[in-house]
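Asker: Quick one, fold the following:
(one chain, ligands or ions: 4)
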Amino acid sequence: MVFNFSDCVTNEFVDKSLYTTDKFIIKSKYDIPISEATGSFSTVTGMKSLDEKNLKYKINKIKQIFRANKGISEIYKKLEMSRYYLLYLDTLNTFDIAEIIKEYSSDTNLVFCEPNFIGTSAGEKGYGYEYEKAIENSKIPNDEKFGMQWYLQNNGNVSPTGGSKAKIGADISAPEAWEIETGNDDLIVAVCDSGIRDDHPDLKERIWVNKKEVPNNNIDDDGNGYIDDVKGWDFAYNTDDPHDGFGHGTNIATVIGAVTNNRIGFAGINQKCRLMNCKDLGDNNYGEYEWWAEAVQYAVDNGAKVINMSEGGSDYSNTLKTACEYAYENNVVVVAAMMNKGNNSNNYPAAFKTVIAVGATDTDDKRSVRFSWGGGSCWGKYIAVVAPGNKIYGLDHEDILNYETFWSGTSQSTAIVSAIASLLLTQNPKRTPDEIRNIICKTALDQVGDPEEDSPGWDQYYGWGRVDCYRALTMDTSKNYKIIRKQDNNVVTNRKNTKSDQSGGGPAKSNNPRNNKAREGINRKPE
Ligand SMILES: [Ca+2]
Ligand SMILES: [Ca+2]
Ligand SMILES: [Ca+2]
Ligand SMILES: [Ca+2]
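Answerer: Numbering: from 1, shown residues only. Ligands and ions are numbered 1, 2, ... in the order given. Predicted structure coming up:
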């Protein structure tokens, strides 16, 4: 796809776009030199046309987005990742950002210029107490609140928002799956989110620790480009302390890998994996694509095999796409949220070919047309599967004794699929992202949702169906093992009526507060 910025400054596009006004992204045709005087990238690049613009628009800093860590890999070279830069405008600049980007876009020394877009997480918080005693048997873990985790074992008691009845068995068959595989601590799942409450007793022992890094000595001991990154990294505020300032990430971490069978709290779907804390959402729930791109590269370079992105933005970006390709080419699975606008809008990174896009279902196996807070699961031609996403209880980032917080959205569904992917990778570490996608899609349950939307086979509302962890772990991969590629998902459905228009009642239209903030410009990174 050729990105044309004029598409983005005209008409409806600008209404839904949100991007930083003090910095933007370029990809140059040649490397920008590092100044010997400062050790930073020089704003005088040697590319004449670019230097004229840098002077005119008062560029005072250039940052390389994808760092050349620990030597340069073939994939890094192939994707030309060294030449993606973030350009910072001096506060004295008086030109409009859209005008500047348009001007840079026509520079013959650049491959492209694009805004540094901003997205959000795909979940909203709620409170309530719907404790249900689990059906006790030898298969279920002893975690006190296991009965509230309806997505693991649905007893038919937590009712969906839509008012219909919960369905017994509308779950991912977790207890059965754990008979097959419970995970391994050498498998790392990166949580690109608002951070994780990493000292929570129900998460602490599961947090990935960078053992090659010595804490608090102000030295990048392992040479990965990040100083003192022992517990992950905070890409939003550029610090070594990725604590959760919003709560979303702690819920996601719970779903993927809470400490299981320790009597307290919840059970994680993967009972042993390590959770890599890549904070790429600010404490106000907004995340710049540049942070996301950097977080994905960090996750890949530091050993994650699955990257959970319960976040998205409505704008296509070459930079974010390249980050996801880097993961894919390195055999790292990226899972992302379809988002919660209750419409068929494109959202990124979910819409990229290299990413597994996940929508949400309710406790009755139907698509979440209305979450506990409103909204609805997005649909579209790139959806791979759906997974439970409404009223997903998890740990609280502020109060370690609070077990009554739930979050709802395609974020939570995404975490479930990432966890299943991680178990499949422990089962067989040689599996590629395509093979993982194939198994999850092929074993998803078809036609268990609303018959008006969940037509036979792939459909745009449920993808290949609602995921089932047990079926995924027991799929006979020796037979009929055809890889389902993303482009095969563009199946035209033979749905008879068009209920779709009425269900698009999410909060995504003109009342979206993001629209206003776009023009104000958002600069949360204290640099
Ligand atoms: Ca380091
Ligand atoms: Ca250190
Ligand atoms: Ca627990
Ligand atoms: Ca279907």
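Asker: Would you tell me which residues of the stretch 201-350 of the chain are close to ligand 1?
Answerer: Glu213, Asp220, Asp222, Asn224, Tyr226, Asp229 (CB under 5 Å from the ion). All C-beta atoms are positioned from the backbone trio N, CA, C, and that covers glycine.
Asker: Could you pick out the buried ones from those residues?
Answerer: Members of these that pass the buried threshold by neighbour count (16 or more other CB atoms under 10 Å) are listed as Glu213, Asp222, Asn224, Tyr226, Asp229.
Asker: now those in a markdown table, with pLDDT and secondary structure?
Answerer: Rendered in a markdown table, the data for these read as follows (pLDDT from 0 to 100; DSSP: H, G, I helix; E, B strand; the rest coil):
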| residue | pLDDT | secondary structure |
| --- | --- | --- |
| Glu213 | 98 | coil |
| Asp222 | 95 | coil |
| Asn224 | 94 | coil |
| Tyr226 | 96 | coil |
| Asp229 | 98 | coil |
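Asker: near ligand 3 too, which of those residues?
Answerer: The subset of these within reach of ligand 3, counting by CB under 5 Å from the ion, is empty.
Asker: State the distance from the residue of the stretch 201-350 of the chain found nearest ligand 3 to ligand 2.
Answerer: For the stretch 201-350 of the chain, the residue positioned closest to ligand 3 under CB to the ion is Gly265, at a distance of 3.9 Å. Summarising the geometry, the distance separating Gly265 from ligand 2, computed by CB to the ion, to the nearest Å, is 32 Å.
Asker: What is the three-state secondary structure of that residue?
Answerer: Here Gly265 is coil, with the state taken from DSSP: H, G, I helix; E, B strand; the rest coil.
Asker: what number of residues lie near it?
Answerer: Burial of Gly265 is recorded as 24 neighbouring residues (other CB atoms under 10 Å).
Asker: Kindly report the same for the one 4 residues further on.
Answerer: For Ile269, the tally of surrounding residues (other CB under 10 Å) stands at 29.
Asker: ok, it - contacts?
Answerer: Leu152, Ile172, Ala174, Ala177, Val255, Ile256, Gly257, Ile416, Ala419, Ile420, Leu423, Cys469 (CB atoms under 8 Å, 6 or more residues apart in numbering).
Asker: Please name the nearest non-neighbouring residue to the residue of the stretch 201-350 of the chain closest to ligand 3.
Answerer: Asp202 (3.6 Å; CB to CB, 6 or more residues apart in numbering).
Asker: and if you look at Gln149?
Answerer: The spatial neighbour of Gln149 that comes closest, neighbours along the chain excluded (CB to CB, 6+ apart), is Phe266 at 5.9 Å.
Asker: Just to check, that neighbour is in contact with Asn142?
Answerer: No: taking CB atoms under 8 Å as the definition, Phe266 is not a contact partner of Asn142, at 11.5 Å.
Asker: higher neighbour count, the two?
Answerer: In this view Phe266 and Asn142 are compared by other CB under 10 Å, and Phe266 has more residues nearby, 25 against 13.
Asker: any idea how far that one lies from Lys212?
Answerer: According to CB to CB, to the nearest Å, Phe266 and Lys212 sit 31 Å apart.
Asker: Identify the residue nearest the closest residue to ligand 3 within the stretch 351-500 of the chain in space, chain neighbours excluded?
Answerer: Nearest to ligand 3 in the stretch 351-500 of the chain, going by CB to the ion, is Leu395, at a distance of 8.8 Å. Nearest in space to Leu395, with sequence neighbours left out and distances taken as CB to CB, 6+ apart, is Thr254 at 4.7 Å.
Asker: Contacts made by stretch 68-83 with the rest, please.
Answerer: The contact list for stretch 68-83, computed with CB under 8 Å, 6+ apart, reads 27-32, 64-66, 111, 223-225, 297, 301, 322, 325-326, 329-330.
Asker: And those, which of them are buried?
Answerer: With neighbours counted by 16+ other CB under 10 Å, these contain buried members at 27-28, 32, 64-66, 224-225, 297, 301, 322, 325-326, 329-330.
Asker: Work out for me the element the residue nearest to Gly265 sits within.
Answerer: When elements are defined using DSSP states H and E, Asp202 is found to belong to no helix and no strand.
Asker: which residues touch Thr108?
Answerer: Thr108 is in contact with Ser49, counting by CB under 8 Å, 6+ apart.
Asker: Kindly list the main-chain dihedrals of it?
Answerer: Backbone torsions for Thr108, taken as degrees, to the nearest 10, come to phi -70, psi -10.
Asker: any idea how far it lies from ligand 3?
Answerer: Distance from Thr108 to ligand 3, counting by CB to the ion: 58 Å.
Asker: and the gap between Ala384 and Pro433?
Answerer: In terms of CB to CB, Ala384 sits 11 Å off from Pro433.
Asker: Isn't Glu176 up against Leu152?
Answerer: No: between Glu176 and Leu152 there is no contact under CB under 8 Å: 10.2 Å.
Asker: Which one of these two is surrounded by more residues?
Answerer: When neighbours are counted by other CB under 10 Å, Leu152 comes out ahead of the other of Glu176 and Leu152, with 26 against 17.
Asker: can you pull the contacts of the more buried one?
Answerer: Phe146, Asp171, Ile172, Ala174, Pro175, Ala267, Ile269.
Asker: per-residue confidence for it?
Answerer: Predicted confidence (pLDDT) for Leu152: 98.
Asker: what residues are up against Tyr328?
Answerer: If you count contacts by CB under 8 Å, 6+ apart, Tyr328 has them with Val334, Thr354, Pro433.
Asker: In this structure the last one contacts Glu329, no?
Answerer: Going back to what we said before, that points to Pro433. No: applying CB under 8 Å, one finds Pro433 not in contact with Glu329, separated by 9.3 Å.
Asker: quick one, helices of the stretch 251-400 of the chain?
Answerer: Remark: helices assigned in the stretch 251-400 of the chain by DSSP state H, counting those that start in this stretch are 289-301, 318-329.
Asker: Need the winner for burial among those.
Answerer: Most buried of the helices of the stretch 251-400 of the chain, by mean neighbour count (mean count of other CB atoms under 10 Å): helix 289-301, with a mean of 27.
Asker: So which elements touch that one?
Answerer: Helices and strands touching helix 289-301, as assessed by 3 or more CB pairs under 8 Å, 6 or more residues apart in numbering; DSSP states H and E, comprise strand 19-28, strand 110-121, strand 188-193, strand 274-279, strand 306-309, helix 318-329.
Asker: Redo the helices of the stretch 251-400 of the chain as CSV? Include distance to Asn347 and mean pLDDT.
Answerer: Putting these into CSV (distance: least, CB to CB, whole Å; pLDDT from 0 to 100) gives the following:
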stretch, distance to Asn347, mean pLDDT
helix 289-301, 12, 98
helix 318-329, 11, 98
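Asker: Ok, which of those helices comes nearest Glu103?
Answerer: The closest of the helices of the stretch 251-400 of the chain to Glu103 is helix 318-329. By CB to CB, the value is 17.8 Å.
Asker: Give me the angle between the closest one and strand 19-28.
Answerer: Computed by axes from the mean of the first three to the mean of the last three CA atoms, to 10 degrees, the angle separating helix 318-329 from strand 19-28 equals 60 degrees.
Asker: report the angle between the axes of helix 318-329 and strand 110-121?
Answerer: Orientation check (the same axes, to 10 degrees): helix 318-329 against strand 110-121 gives 80 degrees.
Asker: Tell me what angle helix 318-329 forms with strand 188-193.
Answerer: Our comparison of helix 318-329 with strand 188-193, counting by the same axes, to 10 degrees, yields an angle of 160 degrees.
Asker: what's the spacing between helix 318-329 and its chain's center?
Answerer: Between the centre of helix 318-329 and the centre of its host chain there is 13 Å, according to CA atoms, centre = their mean, to the nearest Å.
Asker: if we can go back for a sec, find the residues that touch each one of Ala384 and Pro433.
Answerer: Ile356.
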